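Peer 1: sequence first, then the predicted structure, then my questions.
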Amino acid sequence: SVIGKDKKNIAFGCGYNQEEPADAPPSSVDGILGLGRGKAGFAAQLKGLKMITENVIGHCFSSKGKGVLFVGDFNPPSRGVTWVPMRESLFYYSPGLAELFTDKQPIRGNPTFEAVFDSGTTYTFVPAQIYNELVSKVRGTLSESSLVEVKGRALPLCWKGKKPFRSVNDVKNQFKALSLKITHAHGTSYLDIPPQNYLIVEVR
């Protein structure tokens, strides 16, 4: 990596045994940015090279599908942002216990689980009991929809329309929003997850 006039050796990311499906367009990204708490983490390397003064990262999620990643010293936005502290752990980032809601209604039994934010994971994983209840609620929501459930190529749950979808915006009004209620050291916060943030269009 070359920054300014000084050359700096920084491990920026990595990726092994990456393969693209033969019929899929090439991916626009390659590798993983290491944001762990160890010495190999991106922020820790920048701090060690005195390129930043604080070994801090912040990730701001947006319900509109966009977000911002902060590294090092920064002036955080003062409006429209809810800050949630992460628990101390060497292995992962967790704000605390969470409950999943669909259309502002809690999952049956309202089980809690530890929420973990992992920037290196492609999919979101939830406990089996919560996943099964979520799938049941989604199927119930679509019972009178024109969408037909089919077997997906990459994921176990898929719906097909009368014509191909250009994007998830074509069907976002037929699905309900999800939200995570997170109980953390400073109280309770909600992370809204609109349909366009949990649906993908599968290329066939």
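Peer 2: Done, it's in. All figures in this text were calculated on a predicted structure; none of them were measured in a lab.

Peer 1: so residue 104 sits against residue 178, correct?
Peer 2: No. Using Cβ atoms under 8 Å, residue 104 is not in contact with residue 178; the gap is 9.8 Å. C-beta here means a position set from N, CA and C on the backbone, and glycine is covered the same way.

Peer 1: of those two, who's got more company?
Peer 2: Counted by other Cβ atoms under 10 Å, residue 104 and residue 178 do not tie: residue 178 has more neighbours, with 22 against 10.

Peer 1: quick one: residues contacting the more buried one.
Peer 2: Residues in contact with residue 178 (Cβ atoms under 8 Å, 6 or more residues apart in numbering) are 100-102, 134, 192-193, 198.

Peer 1: got it, and residue 199?
Peer 2: Taking Cβ under 8 Å, 6+ apart, we find residue 199 in contact with 168, 171-172, 175.

Peer 1: narrow the contacts of residue 178 to those in strands?
Peer 2: Judged by DSSP state E, the contacts of residue 178 include 100-102, 192-193 as members of strands.

Peer 1: narrow those to those that are buried.
Peer 2: 100-102, 193 (16 or more other Cβ atoms under 10 Å).

Peer 1: can you tell me which of those residues is closest to residue 56?
Peer 2: residue 193 (25.4 Å; Cβ to Cβ).

Peer 1: what's opposite the closest one in the beta bridge?
Peer 2: Legend: beta-bridge partners of residue 193 under DSSP bridges are residue 178.

Peer 1: can I assume it is in contact with residue 179?
Peer 2: Yes. When contacts are counted by Cβ under 8 Å, residue 193 is listed as touching residue 179 (6.2 Å).

Peer 1: on that earlier part again, make CSV out of the buried ones among the ones in strands among the contacts of residue 178 and add pLDDT and distance to residue 81.
Peer 2: Below are those laid out as CSV (pLDDT from 0 to 100; distance: Cβ to Cβ, whole Å):
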residue, pLDDT, distance to residue 81
100, 93, 22
101, 93, 21
102, 91, 25
193, 88, 17
